[in-house]
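Trainee: need a structure here:
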Amino acid sequence: MYLELRDLHVSYGNVKVLHGINVQVDEGEIVAILGANGAGKTTVLMSISGLVRPSAGGIYFKNRPLHALPSHRVVSLGITQAPEGRRVFGPLTVLENLRLGAFTLKNPQIVKSNLRWIYELFPRLEERRHQLAGTLSGGEQQMLSIGRALMGNPEVLLLDEPSLGLAPILVRSIFETIVSINRAGVAIVLVEQNARAALKLASRGYVLEVGHVAMEDSAAILLANPAVQNAYLGAG
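Mentor: Alright, predicted model coming up:
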């Protein structure tokens with residue numbers, strides 16, 4: 001198994017957020033995690049990243065347990081995250097933000113190669129490389145957040161609400177880039193409010209409801225499911 005969450009329980013203090021969920025991600029695929037606000041989607045990603053410790057169950061990457069590792073070790077094993085809200089370092093330049101994403105890499109040639117790739121994916125970042133990140137538009141900051149995560153040379157990229165707050169034309173561009181990243185061999189776990197767009201990208205999906213996996217299936221079947229349509233896809 002590539003990446004697997006087994007019977008994962010997570011609590012914040014006395015509040016139980018995840019109640020024994022099971023999620024699998026195969027090598028090179030896109031998996032969508034859907035659900036309403038408060039369903040536990042971001043907690044899933046933060047647990048994989050090592051930012052939140054499970055109270056029971058485990059997280060395994062290539063059969064290696066991740067749940068006891070600090071977050072920087074998770075990054076060094078090939079799992080990085082672009083967080084919700086972008087969280088770029090505003091007083092630093094675009095290039096400085098990107099270089100921070102490579103903090104676990106020891107090989108300068110890999111860092112250079114990754115930087116070239118990110119500039120190919122996001123030419124705007126190369127144009128703005130000496131500009132302070134805090135002065136970028138929302139779409140440019142989202143590009144930077146994804147680019148910074150890619151600088152860690154990930155095998156698995158965790159994306160938390162990449163379309164949040166963006167104009168429709170930018171959303172299309174970001175999703176096209178996600179496909180390009182995946183085609184380069186990076187598996188992607190995609191948490192996204194835009195359920196229709198996420199399921200069109202993904203091969204499989206999970207629907208969370210208050211910390212439980214309510215549904216899991218191929219993306220095509222979830223797209224056609226009336227319950228998913230009514231709850232998450234609207235009338236369009």
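Trainee: contacting residues around residue 83?
Mentor: Contacts for residue 83 (C-beta atoms under 8 Å, 6 or more residues apart in numbering) come out as 145, 160. Glycine gets a C-beta too; all of them are placed from N, C-alpha and C.
Trainee: brain fart, residue 38
Mentor: Counted by C-beta under 8 Å, 6+ apart, residue 38 has contacts residue 210.
Trainee: quick one: secondary structure of it?
Mentor: coil (DSSP: H, G, I helix; E, B strand; the rest coil).
Trainee: tell me how far it lies from residue 85.
Mentor: Counting by C-beta to C-beta, to the nearest Å, the separation of residue 38 from residue 85 is 16 Å.
Trainee: burial of residue 68, as a residue count?
Mentor: 11 (other C-beta atoms under 10 Å).
Trainee: how close does it get to residue 48?
Mentor: Applying C-beta to C-beta, the value for residue 68 to residue 48 is 13 Å.
Trainee: thinking residue 212 is in contact with residue 22, fair?
Mentor: No. Contact criterion C-beta atoms under 8 Å: residue 212 and residue 22 do not qualify, at 10.4 Å.
Trainee: now do the strands in the protein.
Mentor: For the chain, the strands defined by DSSP state E cover 3-12, 15-25, 30-35, 56-61, 64-65, 79-82, 156-160, 187-191, 204-209, 212-218.
Trainee: can you redo these as a markdown table with mean pLDDT?
Mentor: Putting those into a markdown table (pLDDT from 0 to 100) gives the following:
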| stretch | mean pLDDT |
| --- | --- |
| strand 3-12 | 96 |
| strand 15-25 | 96 |
| strand 30-35 | 96 |
| strand 56-61 | 96 |
| strand 64-65 | 94 |
| strand 79-82 | 94 |
| strand 156-160 | 96 |
| strand 187-191 | 97 |
| strand 204-209 | 95 |
| strand 212-218 | 95 |
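Trainee: of those strands, which is nearest residue 136?
Mentor: For those, the distance to residue 136 is smallest for strand 79-82, at 14.5 Å, taking C-beta to C-beta.
Trainee: name the helices or strands packed onto the closest one?
Mentor: For strand 79-82, the packing partners by 3 or more C-beta pairs under 8 Å, 6 or more residues apart in numbering; DSSP states H and E come out as helix 41-49, helix 138-150, strand 156-160.
Trainee: out of those, nearest to residue 98?
Mentor: Comparing these by C-beta to C-beta, helix 138-150 comes nearest, at 5.6 Å.
Trainee: what are the contacting residues of that closest one?
Mentor: 80-83, 86-88, 94, 97-98, 100-101, 114, 117-118, 121-122, 124-125, 128, 133, 136, 157-159, 162, 165-167, 170, 173-174, 177, 181, 186.
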